[in-house]
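Chemist: pasted the sequence and its predicted model underneath.
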There are 2 protein chains.
Amino acid sequence: MGQEQAFAALAAQLWARFTQSPSDRDLHGRSESHFAPMPPDAVAYPESTHEVAAIARICAAHGVPMIGWGAGTSLEGHALAPQGGLSVDFSRMARVMDVRPEDMLAVVQPGLTREALNTELRATGLFFPVDPGANASLGGMAATRASGTTAVRYGTMRSNVLALEVVLADGRIIRTGTAAPKSSAGYDLTGLFVGAEGTLGLITELTLRLQGQPEAVSAAICAFPDMTSAVETVIATIQSGIPMARIEFVDGESARAFNAYAGRDLPLTPHLLVEFHGSEAGVKEQAERFGDLVADFGGAGFQWAHRSEDRAALWKLRHNAYYAVRALRPEAAPITTDVCVPISNLARAVEETAADIAASGIPGPMLGHVGDGNFHALLLPDPAIPGDWDRAKALAGRMAERALRLGGTVSGEHGIGMGKQGYMQAEHGEAWDVMGQIKRALDPDNLMNPGKLLRQN
Amino acid sequence: MGQEQAFAALAAQLWARFTQSPSDRDLHGRSESHFAPMPPDAVAYPESTHEVAAIARICAAHGVPMIGWGAGTSLEGHALAPQGGLSVDFSRMARVMDVRPEDMLAVVQPGLTREALNTELRATGLFFPVDPGANASLGGMAATRASGTTAVRYGTMRSNVLALEVVLADGRIIRTGTAAPKSSAGYDLTGLFVGAEGTLGLITELTLRLQGQPEAVSAAICAFPDMTSAVETVIATIQSGIPMARIEFVDGESARAFNAYAGRDLPLTPHLLVEFHGSEAGVKEQAERFGDLVADFGGAGFQWAHRSEDRAALWKLRHNAYYAVRALRPEAAPITTDVCVPISNLARAVEETAADIAASGIPGPMLGHVGDGNFHALLLPDPAIPGDWDRAKALAGRMAERALRLGGTVSGEHGIGMGKQGYMQAEHGEAWDVMGQIKRALDPDNLMNPGKLLRQN
């Protein structure tokens, strides 16, 4: 292997911003999920696109794998280094390069987090809407095609990334897309790199669509007697054309977790959390129409959050769900699942999953971005209980299979990474091979984030 | 060449649905634009995906080019056969396969036109929003990433195609995407085939997102003293967050053409045509806010079309623009241009183009989907006037170059086809080579719509 030569060249290029220190390697070999640590052999901290290109040329010349690193919030082991190599950490490429209010876009570096972007945008009247919960890096969010609570209104990263700059496996720098709102000029390479999980190239700059801060915002939480009535309220809301900005489902177990974690007193039944964006009159009308639907389906106990601090508290509740649920069983080794089904099968998918979890005896609160047909169970197997882990893995597997059987997908927003390759053949069939053909065309030596997403030979 | 063997095999497979008759070849060698006829050597009329796959296997075995044919409405020569081969006409694959109101989607065959789909959807309360003007086939619209008047609200084909079935160059049948509203499971192959202009495969089935018929619709036309005030009204409307369903610009020359063609009496100044979709109260509020902006920028002469027949008349005016403009100079050989720029440069792009056209002496009314930064000039050179054609081509070239200089794209919605390959290097640089790498990976013998979009060696 030419790895030693490559590392010598990288050290000469980057000085202290190239390191093989155990602590750096260790830090870049961990993830927020259940995967065992898989550290890279070295870490680089580039400060410019040209440095990333130089890194790629050196790694390509010596056959060294390159794995992008953003904020490390992936839930499917995307940034682990199962084949060693170099972790390319974008923390020193985290600037807002340009904000163009008239074009409603921002040009950013990949290491910038979504919260940092929104802080910088505060004075402009604009915001970046995609909200996966975690304060992820925008490069990482593009790479996993992230979405979250607001996708029902504003779309996923797929529709909010307008253009990219990408360093390819051989060090070429390309630009995809323009600042024009649309184009029919050639293959949609932007869309190809969004969701490619770093397997086709390293994203070094993103042009992101922004949204105007709504004139009025209103949010609420309300309780339902059972899952079916909550889910059917969601379906009716979608079909009636009410433009929700967010519509989130949490089950009774999640409500119990919220109460314990945040000192709330929610009834231990399913809830919906909603938010409306628009003009004063528009939001009022939407809220009223939604209230009528909730009543039709037996919902009650509305708590409206009109003030921005009340809304912040409401969404903090939702965003802390992972920690709240973990606190239900601190000794557990959690497994986060992520499926997405057609809306017509959402009630069935949620109910069958709930019954399956209940029968397993493993705690597994459910919640999700149900306006998109996307939901999660946070399974909490206790490693000290024999068989618990295997039962939880089997539950997660049945969730994925159920999603496919109901016409859906094994990942709504977390991606494939190292966690879900086992379902790719079932979901895509020969189309998975087509992904492999594209991968080999652009990265014939399999140096870009090897071991993820694609069929492993 | 094995073309004779291929054609013998196709005739055995398809019987009368394979033909080499001069009239069929002639029909499939013409386009709605200025390109010289380029007929295929034969035409096939498949009736199923499996027939398309059989056709592809036969053509692949004998090196015969395959060119998809929908409604023949392309403006960039997409469906011409510059290297001969087989035109695959989808007119016998034009059915609605499934409508799923709860999922707000329809599954259709590629030969179905958008108007036929909307006729079938009439009773469901749903509609398919993408409206390029022409009654194009949905397969063709996907292949060119079509958009049109409603993209400002509902997006282009890129965001309205949820899943595809595609026959690859080697006859493999793949499915991309699912009926779930979103997915993070692997490369976005749906997005790759949308806009690939048939160069990567033949689309044999589409799963399309539908929209609920709005409860209320209101449309209007209003006049402006000059282009700048019209365009600045558009920018202000976007920035104020008013959710236009349509916002179309036409210049004074277009108004003159409309008056002559449709017996109207519009003032000979720039106009905006707008439409709002929403609840009764929402549409009223949007219309009022838009009216205020129009007044701020000196617009006047509002004509509201509240009744559906009045709206139909208004949009018929817009949809017939091509014919109305052609009638200004019936002897002309029209050149339709199509550029798209960032909104911040829209006024400049429109003004510079108008000045350039005026200086040329060639009639060239301008209109466009300005909410997307997309506009067209319909240049009317007279072939009988020496130099007119060349001057018009040069004008069109300067429009494309201007769009690039202003940060935009050489095609907002018509695609590249045979007409705009000359600008691809300037727009995409090395990314154009990446498109070529993907093309060669999936179609190494260059049999799928050769001569279009990609670099020709």
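Modeler: Happy to help now that I have it. Residues are numbered from 1 along each chain as shown, chains lettered A, B, ... in the order given.
Chemist: assign a three-state SS to the nearest residue to A:F224 once chain neighbours are set aside, would you?
Modeler: Spatial nearest neighbour of A:F224, excluding adjacent residues (Cβ to Cβ, 6 or more residues apart in numbering or on different chains): A:A230 at 4.0 Å. For glycine as for every other residue, the C-beta is placed from the backbone atoms N, C-alpha and C. Counting by DSSP: H, G, I helix; E, B strand; the rest coil, the backbone at A:A230 sits in helix.
Chemist: what of the one 4 residues further on?
Modeler: Assigned with three-state DSSP, A:V234 falls in the helix class.
Chemist: what are the neighbouring residues in contact with it?
Modeler: In this structure, A:V234 makes contact with A:I247, A:F249, A:L272, A:I343, A:L346, A:V370, A:G371, judged by Cβ atoms under 8 Å, 6 or more residues apart in numbering or on different chains.
Chemist: can you check A:D251 too?
Modeler: Contacts of A:D251 (Cβ under 8 Å, 6+ apart): A:M227, A:P270, A:A354, A:P365, A:M366, A:L367.
Chemist: how near is it to B:D89?
Modeler: 52 Å (Cβ to Cβ, to the nearest Å).
Chemist: quick one: the residue nearest to A:F224 from A:A354, how far?
Modeler: 12 Å.
Chemist: the more surrounded of those two?
Modeler: Shown here are A:A230 and A:A354; by other Cβ atoms under 10 Å in any protein chain shown, A:A230 has more neighbours (26 against 19).
Chemist: my guess is that one meets A:A300, correct?
Modeler: No: using Cβ atoms under 8 Å as the test, A:A230 is too far from A:A300 to be in contact (11.6 Å).
Chemist: show me how to select, in ChimeraX, the buried members of the contacts of A:D251.
Modeler: Buried residues among those (16 or more other Cβ atoms under 10 Å in any protein chain shown), as a ChimeraX selection:
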select /A:227,270,354,365,366,367
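Chemist: any chance of the contacts of A:D251 in CSV, plus pLDDT, distance to chain B and secondary structure?
Modeler: CSV is the format used below for those (pLDDT from 0 to 100; distance: Cβ to the nearest Cβ, whole Å; DSSP: H, G, I helix; E, B strand; the rest coil):
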residue, pLDDT, distance to chain B, secondary structure
A:M227, 92, 17, helix
A:P270, 97, 20, coil
A:A354, 96, 19, helix
A:P365, 97, 22, coil
A:M366, 97, 17, strand
A:L367, 96, 17, strand
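Chemist: domain parsing for chain A?
Modeler: Domains of chain A are assigned by automatic domain parsing as A:3-91, A:94-212, A:216-323, A:325-409.
Chemist: among the ones you listed, which is the most enclosed?
Modeler: Neighbour counts (mean count of other Cβ atoms under 10 Å in any protein chain shown) averaged over each of the domains of chain A peak at domain A:94-212, with a mean of 23.
Chemist: state the distance from the closest residue to chain B within the stretch 1-150 of chain A to A:A42.
Modeler: Minimum separation of the stretch 1-150 of chain A from chain B (Cβ to the nearest Cβ) falls at A:E102, amounting to 3.9 Å. Distance from A:E102 to A:A42, counting by Cβ to Cβ: 43 Å.
Chemist: before we move on, what about A:E248?
Modeler: 41 Å.
Chemist: same question for A:S184.
Modeler: 43 Å.
Chemist: same thing with A:P225?
Modeler: 56 Å.
Chemist: same check, this time on A:A324
Modeler: 37 Å.
Chemist: partner strands of the lowest-mean-pLDDT helix or strand in chain A, parallel or antiparallel?
Modeler: Ranked by mean pLDDT, DSSP states H and E, the weakest helix or strand in chain A is strand A:300-305, scoring a mean of 88. Applying DSSP bridges to the sheet, strand A:300-305 is found paired with strand A:216-223 (antiparallel).
Chemist: could I get the strand it pairs with in PDB with only the CA atoms?
Modeler: Extracted in PDB, the C-alpha atoms of strand A:216-223 (Å, rounded to 0.1, in the frame of the first residue of the first chain):
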ATOM      1  CA  ALA A 216     -47.200  34.600  11.000                       C
ATOM      2  CA  VAL A 217     -46.500  31.300  12.700                       C
ATOM      3  CA  SER A 218     -48.700  29.200  14.800                       C
ATOM      4  CA  ALA A 219     -48.100  25.800  16.400                       C
ATOM      5  CA  ALA A 220     -50.100  23.400  18.500                       C
ATOM      6  CA  ILE A 221     -50.000  20.100  20.200                       C
ATOM      7  CA  CYS A 222     -53.200  18.000  20.500                       C
ATOM      8  CA  ALA A 223     -54.000  14.500  21.800                       C
END
